[in-house]
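One predicted model, sequence on top.
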Number of protein chains: 4
Amino acid sequence: MSQSVEEIVSGLAAVAKSFHARGWLVGTSGNLSAVVQREPLQIAMSPSGVDKGELRPDQLLSIDEHAHVVGQHGGKPSDESLLHIRIVKERGAGAVLHTHSIWNTILSDVYAADGGIKIEGYEMLKGLQGVRTHEHAEWLPIVENSQDMPALAGTIGETLNKQPAAHGFLLRRHGLYSWGENLAQAKRHIEILEFLLETIGRTLHIREHGI
Amino acid sequence: MSQSVEEIVSGLAAVAKSFHARGWLVGTSGNLSAVVQREPLQIAMSPSGVDKGELRPDQLLSIDEHAHVVGQHGGKPSDESLLHIRIVKERGAGAVLHTHSIWNTILSDVYAADGGIKIEGYEMLKGLQGVRTHEHAEWLPIVENSQDMPALAGTIGETLNKQPAAHGFLLRRHGLYSWGENLAQAKRHIEILEFLLETIGRTLHIREHGI
Amino acid sequence: MSQSVEEIVSGLAAVAKSFHARGWLVGTSGNLSAVVQREPLQIAMSPSGVDKGELRPDQLLSIDEHAHVVGQHGGKPSDESLLHIRIVKERGAGAVLHTHSIWNTILSDVYAADGGIKIEGYEMLKGLQGVRTHEHAEWLPIVENSQDMPALAGTIGETLNKQPAAHGFLLRRHGLYSWGENLAQAKRHIEILEFLLETIGRTLHIREHGI
Amino acid sequence: MSQSVEEIVSGLAAVAKSFHARGWLVGTSGNLSAVVQREPLQIAMSPSGVDKGELRPDQLLSIDEHAHVVGQHGGKPSDESLLHIRIVKERGAGAVLHTHSIWNTILSDVYAADGGIKIEGYEMLKGLQGVRTHEHAEWLPIVENSQDMPALAGTIGETLNKQPAAHGFLLRRHGLYSWGENLAQAKRHIEILEFLLETIGRTLHIREHGI
């Protein structure tokens, strides 16, 4: 890894503060992680139940591939740690971010019956890693929400396998997951997907009425 | 109490600043309180008519269970102090927060005839104390607004008794009340309820038209 | 006056920064003033063409009752200084604020044919000076926009005379004016009226469709 | 030039931070430039792929009229540098700004078939350089998006020639370009055009339904 643990955890805290200000992590919702070490896997993970607008670097937990806390720490890892670990494994991600925004919540429900949202024709898509043109069609899968985390991790693993080009997915009435090779890329992906979801949501308000 | 009075009042000022920035306490609206002592009851309460974006810890008042100011202080307690005291007594709350947001104002009116709003199926609900699953159905009662504070405190007492599981309530065309065991939990509850009300409000814009 | 000139101009700069952040003074739009001295009248006035997010106290101009700059200063007073002076005289105001927000622009046009907007039944109205109950009906007059400032000042004078209880008015497709005995009260009035206009505007989105 | 290179690049970084906070440059989108020297042409240009909320003055690149980097610098100029250069040449601009906002993205699509958007009757128009009255009609051309930058630069050159009074243009489903004699004026133009696009977009939500 090119970054020290200190840089990783302070980076996660900075992203948490920025996203909380945008209203994407309110009420202690959402969570953030970054890989500290690959072999054996060690991940810096936001703790459960903490105000993301005030997350301090020393509150980040280290977890292993079974979501067990490494070393001594009073905090409890997020319930969704298994999802982060699965994404890290399936995609080789270096960072995973999960946001609860108004628009991702709404669209994850409006398009649930379609199983996902096709996002096509926007210049912003070019900011997704590997995308070269606005003519790209991004499929953002929607997965039914569940409190059974091992089962949900399994469903997400299958979804990622079926959609190898996807840069993120939605949990229905729950939120958005995205990731990247490193934290900066993961942050970029979240900002882009949130932008596109809000654009689509606000366009629905207009388009439904025949413009 | 585990926190000092200094910590409590500086915590209230920080929440006031944060909520004012979000537009939930503009124009000196809304108010905030936290229990300093249970026996006899003493509550730190925001004063009437102060800009919440600039609330200083030394401006917080101490009031007793009759909403009378304890000690010497030039400020006047909020008219709604009786409501805070009633909530503290009925729920054993350690902190009570009251916000005026655009969306809570709108929905408190749109759903007034139903007597409340059923909020169901959202992951964000899990952030409410004691809720374990997104399948939870939260009933957010709506109480008709009034300037007769003792009468309104009585109505709210009855509402809280009838709805022992409610984490908050709306005053019609007025605002949202929520609370928690401590200030952090009360802040979390407000952020969650405001998020869900905005989500429902924006979904109404879309859903009315047949998507 | 109870405040020094230094306090007044730094207060105006702080309000400008806060309102610019909310998007109410973007693109050098809007203007702010406060009375420094009554006899003869001297007003601290924001200069024309300055970015309100970066307004420095030393950029505020002193103008007399004819909108002429008092003393030596390189800045040019806002074209709308005559409107501020008229409001100060008609209402005895200590501060006058003028914002360009998205919602005040939209509603000033949507309700133009009615000559104003009746705002009634909202708790937020209680924050307007002298209002004791949410049952208050505030009439917010809408005046047709014009570039002829002396004529517009005359029309505004008449409007204020006809509506002695009004706490503000709209210029059509232009913006909101409000005022107060001092800057804090004027800021409170703007925040309240902007809140109510946004509430009414967003309710229109829903109500038109029969909820 | 009246400003030093240091002032220009720190000014660009400050505008980037401000616009990122408003959500107009998220996900490394958008770009900013300012002329450092006219003969031969040298432009300070934001690099490709950088988080605009954290853009540092030393990250700005110097490019010549062929969009080649001048001097030694590890960064890569934005793909859209050719568009900035064309605008500088056609308009004699001292600064060019390009934003990706929700509303400019939506309206660039909704009005694409019209080839542009007529914006008329708003006081905010007076903030555009040379406009003296709200009765001004601004034509904001919409150009079809493309990844062929030399071709797109040609199309933009033709559009600017055909519309000599235009203060900006939209790329369809992509974003807004505006400019000014200097950075302050370019920033003002972007803030005004973004304001007007959001106003028109939100009015569409209402107007479609017969108010």
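Yep, it's here.

Would you mind listing what in chain A touches chain D?
A:18, A:22, A:121-124, A:127, A:132-134, A:184, A:187-189, A:191-192, A:194-195, A:198-199, A:202-203, A:205-206, A:209-211 (CB under 8 Å from any CB of the partner chain). The C-beta positions use only the backbone N, C-alpha and C, and glycine is treated the same way.

where exactly do the helices run in chain A?
A:5-21, A:81-91, A:102-110, A:149-162, A:183-207 (DSSP state H).

Dump those helices to CSV, plus mean pLDDT and mean neighbour count.
Shown next, in CSV, are those (pLDDT from 0 to 100; neighbours: other CB atoms under 10 Å in any protein chain shown):
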stretch, mean pLDDT, mean neighbour count
helix A:5-21, 96, 19
helix A:81-91, 98, 22
helix A:102-110, 97, 24
helix A:149-162, 98, 15
helix A:183-207, 94, 23
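
Now tabulate these in a markdown table and tack on distance to residue C:10.
Formatted as a markdown table, the helices of chain A follow (distance: least, CB to CB, whole Å):
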| stretch | distance to residue C:10 |
| --- | --- |
| helix A:5-21 | 26 |
| helix A:81-91 | 48 |
| helix A:102-110 | 36 |
| helix A:149-162 | 54 |
| helix A:183-207 | 36 |
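
The residues of chain A next to chain D also near chain C: which ones?
Applying CB under 8 Å from any CB to these, those adjacent to chain C are residue A:205.

so how far is stretch A:47-67 from its chain's centroid?
15 Å (CA atoms, centre = their mean, to the nearest Å).

is that stretch anywhere near chain B?
Yes. Stretch A:47-67 reaches chain B (CB under 8 Å from any CB) through A:51, A:53.

What residues does chain A have near chain C?
Residues of chain A lying near chain C (CB under 8 Å from any CB): residue A:205.

Point to the residue nearest the middle of chain A.
With distances taken as CA atoms, centre = their mean, residue A:177 lies nearest the centre of chain A, 2.6 Å away.

So residue A:55 sits against residue A:46, correct?
Yes. Residue A:55 sits in contact with residue A:46 when judged by CB atoms under 8 Å, with a separation of 6.5 Å.

any residues in contact with both of those two?
Overlap of the contact sets of residue A:55 and residue A:46 (by CB atoms under 8 Å, 6 or more residues apart in numbering or on different chains) consists of A:12, A:16.

Next one: residue A:107 relative to residue B:127, how far apart?
21 Å (CB to CB, to the nearest Å).

now residue A:16
Taking CB to CB, one finds residue A:16 at 16 Å from residue B:127.

what's the answer for residue A:200, then?
For residue A:200, the distance to residue B:127 (CB to CB) stands at 26 Å.

and residue A:128, what does it touch?
A:136, A:138, A:167, A:189, A:192.

which non-adjacent residue is nearest the last one?
Taking CB to CB, 6 or more residues apart in numbering or on different chains as the measure, residue A:192 lies nearest to residue D:27, with 3.8 Å between them; neighbours along the chain are not counted.

got it, and the fourth one?
Counting by CB to CB, 6+ apart, residue A:189 lies nearest to residue A:178, which is 4.1 Å off, once chain neighbours are set aside.

what's across from that neighbour in the sheet?
residue A:97, residue A:168 (DSSP bridges).

doesn't residue A:142 make contact with residue A:118?
No. Look at residue A:118 against residue A:142 with CB under 8 Å: they stay out of range, at 11.4 Å.

Now do the contacts for the residue in chain A that chain C sits nearest to.
Proximity of chain A to chain C (CB to the nearest CB) peaks at residue A:205, 7.5 Å away. By CB under 8 Å, 6+ apart, residue A:205 lies in contact with B:205, B:206, C:205, D:205.

go on, residue A:143?
If you count contacts by CB under 8 Å, 6+ apart, then residue A:143 has A:152, A:155, A:156, A:159, A:169, A:170, A:171, A:172 around it.

Quick check: bridge partners of it?
According to DSSP bridges, beta-bridge pairing links residue A:143 with residue A:171.

so what's residue A:26 up against?
Per CB under 8 Å, 6+ apart, neighbours of residue A:26: A:20, A:52, A:100, B:191, B:192, B:194, B:195.

and the two most separated of those residues?
Using CB to CB, those span at most 15.4 Å, a distance reached by A:52 and B:194.

measure residue A:49 to chain D for me?
For residue A:49, the distance to chain D (CB to the nearest CB, to the nearest Å) stands at 27 Å.

And for that residue, the neighbour number?
Look at residue A:49: counted by other CB atoms under 10 Å in any protein chain shown, it has 14 neighbours.

Could you find the closest non-adjacent residue to it?
residue A:28 is the one closest to residue A:49 (CB to CB, 6+ apart), at 5.3 Å.

Surely the one you found touches residue B:188?
Yes. Residue A:28 is in contact with residue B:188 according to CB under 8 Å; the separation is 5.4 Å.

Can you check the pLDDT for residue A:2?
On pLDDT, residue A:2 comes in at 68.

again with residue A:208
pLDDT, read off for residue A:208, is 55.

show me the contacts for the residue lying closest to residue A:159 once chain neighbours are set aside.
Spatial nearest neighbour of residue A:159, excluding adjacent residues (CB to CB, 6+ apart): residue A:141 at 5.1 Å. Contact analysis of residue A:141 by CB under 8 Å, 6+ apart lists A:115, A:116, A:159, A:162, A:163, A:166, A:169, A:170.

re earlier: possible to save the contacts of residue A:26 as TSV with distance to residue A:75?
Converted to TSV, those look like this (distance: CB to CB, whole Å):
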residue	distance to residue A:75
A:20	18
A:52	14
A:100	20
B:191	20
B:192	21
B:194	26
B:195	24
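
And for the residue nearest to residue A:6 when sequence neighbours are not counted, the neighbour number?
Spatial nearest neighbour of residue A:6, chain neighbours left out: residue A:57 (7.3 Å); criterion: CB to CB, 6+ apart. The local packing of residue A:57 (other CB under 10 Å) involves 16 other residues.

show me the contacts for residue A:57.
Contacts of residue A:57 by CB under 8 Å, 6+ apart are A:6, A:9, A:10, A:12, A:13.

from what I can see residue A:198 touches residue A:103, true?
Yes. Here residue A:198 reaches residue A:103: they are 4.3 Å apart, a contact under CB under 8 Å.

these two touch, right, residue A:160 and residue A:90?
Yes. Counting by CB under 8 Å, residue A:90 is a contact partner of residue A:160 at 4.4 Å.

Write out the residues of chain A neighbouring chain B.
A:23, A:26-29, A:51, A:53, A:100, A:102-103, A:105-106, A:109-110, A:145, A:147, A:171, A:173-175, A:201, A:204-205, A:208-209.

So between residue A:55 and residue A:46, which is more surrounded?
The residue with more neighbours, out of residue A:55 and residue A:46, is residue A:46; 31 against 23, by other CB under 10 Å.

and the gap between the more buried one and residue A:79?
12 Å.

now do residue A:103
In terms of CB to CB, residue A:103 sits 23 Å off from residue A:79.

got a list of what residue A:112 touches?
Contacts of residue A:112 (CB under 8 Å, 6+ apart): A:142, A:144, A:172.

Kindly report the same for residue A:155.
Counting by CB under 8 Å, 6+ apart, residue A:155 has contacts A:143, A:144, A:146.
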